[in-house]
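In: sequence below, structure please.
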Amino acid sequence: MSALRFRRTVALLAVGALALSSCLHAEAEADELQPVQFNPGWFPSAQFAGVFVAIDAGLMTEAGLAVTEGTFAYGQNSTALLQQDLTTPTLATIEGYILLQKLDRGDDLVALAPMLRESPAGVMSLAESNITSAADFAHQPIGVHAYADALFHWFATAAGGLSEDEINFVRVEDDIADLLSGHVVAMQGYASEEYVRLQSAAAPRETRFISFAALGFRSYSEILYTSRDQWEQHGPVLQRFVQAVRAGWELAYREPELAVKAVAQRRGPDADPEHIAAALQALRPYVLGDDGHALPPMDADLWRNLQTIASEIGLIQNTPADPTTWLAP
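Out: Model prediction:
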């Protein structure tokens, strides 16, 4: 073998050894990451941007976590999914009133942190309809989603002071055409989804949004939660997940293009980046509030008030446990 060929062979072997070493190092690092299962409580959308950015930007890896994302499906038993594999730290998201219903039926759960300080659910309308409060629902066709009748009856009677013969609720889904066509004068929707579409479709006409909180039903939303068994076995790991999500949300609003890309990738071919960007901005006050920080501590008194209202409405049947027993420290 010539001296030149020998040197080339040695160089190639060195490069190969370096590549193999890097690969093995990467595999070793991956082996050291703690697997975590995350089960979103809805289909991929801007309301999970903080989680998605934390995963895609490497914040979860920095926290020592390897996150597997679950797939939402209607009718799935989210509590059973939390208990499916107790060797793997698992958590999910849930709406505030649904969490209360699960606790009411006996599920032993722990609430970790709210991704949204307040539910983005509310009542949307065209400004020309003059719907500014629940009192304005009187004798008007109001679009309500399935399973929300009891809540809207409470809005109408408690917040609006209406009698039963003044209430006219119409079953709707999430099609804003029902509102634009005049089939209903107001309808249930989310500030980050249907209302974003309404604002765009109705322009230049003005629109209005009355939040559930403004109607007296203030609730945390997209709450990160887990089972008691999971919390007792994996509490510190789940807390690292929460901290990474907090950083993910704050990064999402510093660099929104990262968030739009992360959500769009998970939405697939039907993703609308323009809508995702608008939805992300609509969620900003719900995520960051006035202080600019994501995932604030939860207020036990707020939960106690929500429990009282949920009992009045009939969303829960039993005497609820004090929130201090199921809120994570």
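In: for Glu95, see how far away the nearest residue to Ala159 once chain neighbours are set aside is.
Out: Leaving aside its chain neighbours, Ala159 sits nearest to Ala134 (4.1 Å; criterion: Cβ to Cβ, 6 or more residues apart in numbering). The way it works is simple: take the backbone N, C-alpha and C, and place the C-beta from them, glycine included. With distances taken as Cβ to Cβ, to the nearest Å, Ala134 is found 21 Å from Glu95.
In: of those two, which one has the most company?
Out: Taking neighbours as other Cβ atoms under 10 Å, Ala134 and Glu95 compare with Ala134 leading, 23 against 18.
In: the more buried one reaches Leu151, doesn't it?
Out: No. With contact defined as Cβ atoms under 8 Å, Ala134 does not reach Leu151; the gap is 11.3 Å.
In: need phi/psi at the closest residue to Leu33 other than its chain neighbours.
Out: Distances taken as Cβ to Cβ, 6+ apart place Ala66 nearest to Leu33, at 3.9 Å, with adjacent residues excluded. Backbone geometry at Ala66, expressed as degrees, to the nearest 10, gives phi -120, psi 110.
In: what of Leu288?
Out: Dihedral angles for Leu288 - degrees, to the nearest 10 - are phi -100, psi -20.
In: now swap in the one 10 residues further on and tell me
Out: Backbone geometry at Met298, expressed as degrees, to the nearest 10, gives phi -90, psi 150.
In: repeat for Arg240
Out: phi -60, psi -40.
In: and for Ala80?
Out: Torsion angles, degrees, to the nearest 10, at Ala80: phi -60, psi -40.
In: can you map out the helices along the stretch 101-250 of the chain?
Out: With DSSP state H, counting those that start in this stretch as the criterion, the stretch 101-250 of the chain has helices at 149-154, 177-180, 194-202, 228-254.
In: and of those, who's closest to Gln101?
Out: Among the helices of the stretch 101-250 of the chain, the nearest to Gln101 by Cβ to Cβ is helix 149-154 (11.6 Å).
In: buried sites along that closest one?
Out: 151-154 (16 or more other Cβ atoms under 10 Å).
In: against Tyr220, how distant is Phe241?
Out: For Phe241, the distance to Tyr220 (Cβ to Cβ) stands at 18 Å.
In: cool, and Ile313?
Out: 17 Å.
In: the residue lying closest to Ala148 once chain neighbours are set aside: how many residues sit nearby?
Out: Nearest residue to Ala148, sequence neighbours excluded (Cβ to Cβ, 6+ apart): Gln188, at 6.1 Å. Residues near Gln188, counting by other Cβ under 10 Å, number 22.
In: for Gln188, what are its contacts?
Out: Contact partners of Gln188, counting by Cβ atoms under 8 Å, 6 or more residues apart in numbering, are 121-124, 143-145, 148, 152, 172.
In: if we can go back for a sec, with respect to Asn130, which of the helices of the stretch 101-250 of the chain lies nearest?
Out: helix 177-180 (14.3 Å).
In: packing partners of that closest one?
Out: With contacts defined as 3 or more Cβ pairs under 8 Å, 6 or more residues apart in numbering; DSSP states H and E, the packing partners of helix 177-180 are strand 121-126, strand 186-190, helix 194-202.
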